[in-house]
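Asks: When you get a sec, could you give me coordinates for this:
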Amino acid sequence: QVQLVESGGGLAQFGGSLRLSCAASGRIFNITAMGWYRQAPGEQRVLVANMHSDGRIMYKESVKGRFTIARDNAKNTVFLQMNNLKPEDSAVYYCNAVIKTTVTSPPFSYYGQGTQVTVST
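Replies: Numbering: from 1, shown residues only. So this is what the prediction gives:
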């Protein structure tokens, strides 16, 4: 019913930049929030950044000032600009969207397939 397709991961050097994109498609009534989580090997998946439809933005403390989240609501797309990357940013990054598929359905949290980000020293 709903698909999240990510792009933009890859390899970056310490201090470099990458930009992630994610587009939501399918049966979408409205999107409450879109954002990004990440999961490093052996660790839990954690929130990196998200943006609510009312404009509220949340960032993981360690990425504040380096990462910027943005949305294109008309295209159901979310972006994550990652600057000044560090090796500890290496992880699989997952797009997340909280979506109502109909006017009466409760919001449901969807995830993309994940994209690998690797930062070398």
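
Asks: tell me, what residue is most central in this structure?
Replies: residue 36 (2.3 Å; CA atoms, centre = their mean).

Asks: Report the beta-bridge partners for that residue.
Replies: residue 49, residue 95 (DSSP bridges).

Asks: Now that it has come up, it's in contact with residue 50, right?
Replies: Yes. Using CB atoms under 8 Å, residue 36 is in contact with residue 50, at 7.1 Å. (Glycine included, C-beta is placed from N, CA and C.)

Asks: Now the common contact residues for these two.
Replies: 69, 96 (CB atoms under 8 Å, 6 or more residues apart in numbering).

Asks: helix, strand or coil for residue 62?
Replies: helix (DSSP: H, G, I helix; E, B strand; the rest coil).

Asks: What is the neighbour count of it?
Replies: 13 (other CB atoms under 10 Å).

Asks: hang on, it packs against residue 88?
Replies: Yes. Applying CB under 8 Å as the test, residue 62 and residue 88 come out as touching, 7.5 Å apart.

Asks: Report how many residues lie close to residue 100.
Replies: Neighbour number of residue 100 under other CB under 10 Å is 16.

Asks: repeat for residue 15
Replies: As a burial measure, residue 15 scores 10 neighbours (other CB under 10 Å).

Asks: Now it: closest residue in space that isn't a chain neighbour?
Replies: residue 84 (5.8 Å; CB to CB, 6 or more residues apart in numbering).

Asks: what residues are up against that neighbour?
Replies: Going by CB under 8 Å, 6+ apart, residue 84 touches 15, 17, 66.

Asks: how far away is the second one from residue 77?
Replies: In this structure, residue 17 and residue 77 are 19 Å apart, going by CB to CB, to the nearest Å.

Asks: Which residue of these two possesses the greater neighbour count?
Replies: Higher neighbour count among residue 17 and residue 77: residue 77, with 17 against 12, using other CB under 10 Å.

Asks: Assess the claim that the more buried one and residue 71 are in contact.
Replies: Yes. Residue 77 lies in contact with residue 71 (CB under 8 Å); the separation is 6.8 Å.

Asks: tell me the average confidence for stretch 10-23?
Replies: What stretch 10-23 shows for mean pLDDT is 98.
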